[in-house]
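Asker: Dropping a prediction and its sequence here:
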Amino acid sequence: MRWKKIYDIYFVLNIQLVFVPFFILYSDCTVSAVNTTVSWQGVPAYTDFNQSSAFFIPKPFRENKRQNITNLLNITYSRSGVNLAAEARATLQDDDEKRYDTQFNEFYYDFTVAEQDLSIGKKRLSWGVGYGFRPLDVVQKENRRRLYDQTIEGVPLLSWDHFAASWALTVLYTPPSHGTFGNEAAESALALKYQTAWQSADIHSVIRISKENHTEIGGGFANVVNESLELHGSFLYQRRYAKRLNRLIENPQSPLLSEDPMQLHTLHNGGKALFGFTWTTLAGISLIGEMWYDKNAYSRRQWLALRDLTVAQQQLTGINATMDEAIYNNINANSVVFQQTSIQRQNLFLRISYEKFDWSSAIEGLVTPADNGWVVTAVVTQQGNNHRLQWGLRLFGGKSDSVYNSVNKNKLVYFLWRWTIPLL
């Protein structure tokens, strides 16, 4: 628990304490090489809410903010094995409500003992292959389909790396910390990644052992077939995995509960698998296609049961304010399903992009074939030497009872401007 307490202290540091260690380290930069950058990012965004969704919660039970502006100040620092990435965030919403937050995304130390590479601290790392989804990402568990580029928060760890001519091995320990959706329990874990080359392919294999999930083991590959085509795939077997299911579906004695109805269930023999390709041309066109299966996500039957329950709860509203508050508290709990990396088990993903000089554009679509739901995202980017401009749009739709048609948003629009200043 000592590690977790240390990082919990970092999470609640105010803006002054975020920058004090940075300036202390930076003041003695003549001793060895220093790599320091400061970047500012501004993102005004607009959300169009889907008020016909059974998961939509109206005012005054939820403040649905249509407009917001997020300003983000990032500092990265690297010197003599010490690596730091800190951020300060300010968010202004359409009713002038302001929120401030600071955190360390990374703070770790790389060092060598007896010619062995070691690392300790809070570090970002992503394992496996895949663009829209990575089954082998058993440590970071990154959401690969965030709306726009955002700095992810690292994981506390102690790691050992060994590099040979044709292979590499990483062994790491992660102390108890808050997990992702469906695995909030604090748990420690031991993980191993082995990577090697075989002919024209990179081969990956991972093992993760923890008390909650027991054993997770998997493998993957990335193979460059020719100058235009690359194939990749991976799979992961989980001895145990966790999923949140609504207790009212299994025991429909009452349409409402006073406490959280979404109960964490421990299930056995889970699995994830992905196969995809990347095709590029000399003209700057690139095409990525992927299909994946995730047993951690809801099946079609599980989704329909939750949706039907939510529709039935919405039909009870309008009796009185006290009753409505209890209903919307239950609906809000049901909405946690949308926080999963994969909402449905079967997914098809396609992305086409075009790049010329410092401009690029991309359009991508995700389809859930079990219910014919879809998400479409379009992005246009201009990348300069020290700045980035980006405009993006995301749309949700599909059949009336599909997952993505039931999201409480119709579309998201944003504009991003990032300015980076390398200091040393």
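Answerer: Noted; the coordinates are in hand.
Asker: all strands for the stretch 301-424 of the chain, in order.
Answerer: 346-356, 359-368, 373-383, 387-398, 409-422 (DSSP state E, counting those that start in this stretch).
Asker: quick one: low-confidence parts of the stretch 151-300 of the chain?
Answerer: For the stretch 151-300 of the chain, residues meeting the criterion pLDDT under 70 lie at 177-186.
Asker: which residues in it form strands?
Answerer: Under the criterion DSSP E, counting those that start in this stretch, strands of the stretch 151-300 of the chain are mapped to 155-163, 167-177, 187-198, 201-210, 214-224, 229-246, 262-280, 285-294.
Asker: Adding distance to residue 88 and mean neighbour count, write those strands out as JSON lines.
Answerer: For every residue, glycine as well, the C-beta is placed using N, CA and C. Formatted as JSON lines, the strands of the stretch 151-300 of the chain follow (distance: least, Cβ to Cβ, whole Å; neighbours: other Cβ atoms under 10 Å):
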{"stretch": "strand 155-163", "distance to residue 88": "21", "mean neighbour count": "17"}
{"stretch": "strand 167-177", "distance to residue 88": "22", "mean neighbour count": "16"}
{"stretch": "strand 187-198", "distance to residue 88": "30", "mean neighbour count": "16"}
{"stretch": "strand 201-210", "distance to residue 88": "33", "mean neighbour count": "18"}
{"stretch": "strand 214-224", "distance to residue 88": "35", "mean neighbour count": "18"}
{"stretch": "strand 229-246", "distance to residue 88": "32", "mean neighbour count": "20"}
{"stretch": "strand 262-280", "distance to residue 88": "33", "mean neighbour count": "17"}
{"stretch": "strand 285-294", "distance to residue 88": "34", "mean neighbour count": "19"}
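Asker: any chance of those strands in TSV, plus distance to residue 420?
Answerer: Below are the strands of the stretch 151-300 of the chain laid out as TSV (distance: least, Cβ to Cβ, whole Å):
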stretch	distance to residue 420
strand 155-163	25
strand 167-177	29
strand 187-198	30
strand 201-210	30
strand 214-224	29
strand 229-246	29
strand 262-280	27
strand 285-294	24
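Asker: The closest residue to residue 235 other than its chain neighbours and residue 241: what is the separation?
Answerer: Once flanking residues are discounted, residue 235 sits nearest to residue 273: 4.3 Å by Cβ to Cβ, 6 or more residues apart in numbering. To residue 241, residue 273 is 14 Å away according to Cβ to Cβ, to the nearest Å.
Asker: Counting neighbours, what do you get for residue 86?
Answerer: Residue 86: 24 surrounding residues under other Cβ atoms under 10 Å.
Asker: ok so, going back, so which of the strands of the stretch 301-424 of the chain is nearest residue 223?
Answerer: Nearest of these to residue 223, taken as Cβ to Cβ: strand 346-356 at 19.0 Å.
Asker: buried stuff in stretch 338-347?
Answerer: Buried residues in stretch 338-347, defined by neighbour count with 16 or more other Cβ atoms under 10 Å: 340, 341, 342, 343, 344, 345, 346, 347.
Asker: Right, I'll call it a day here.
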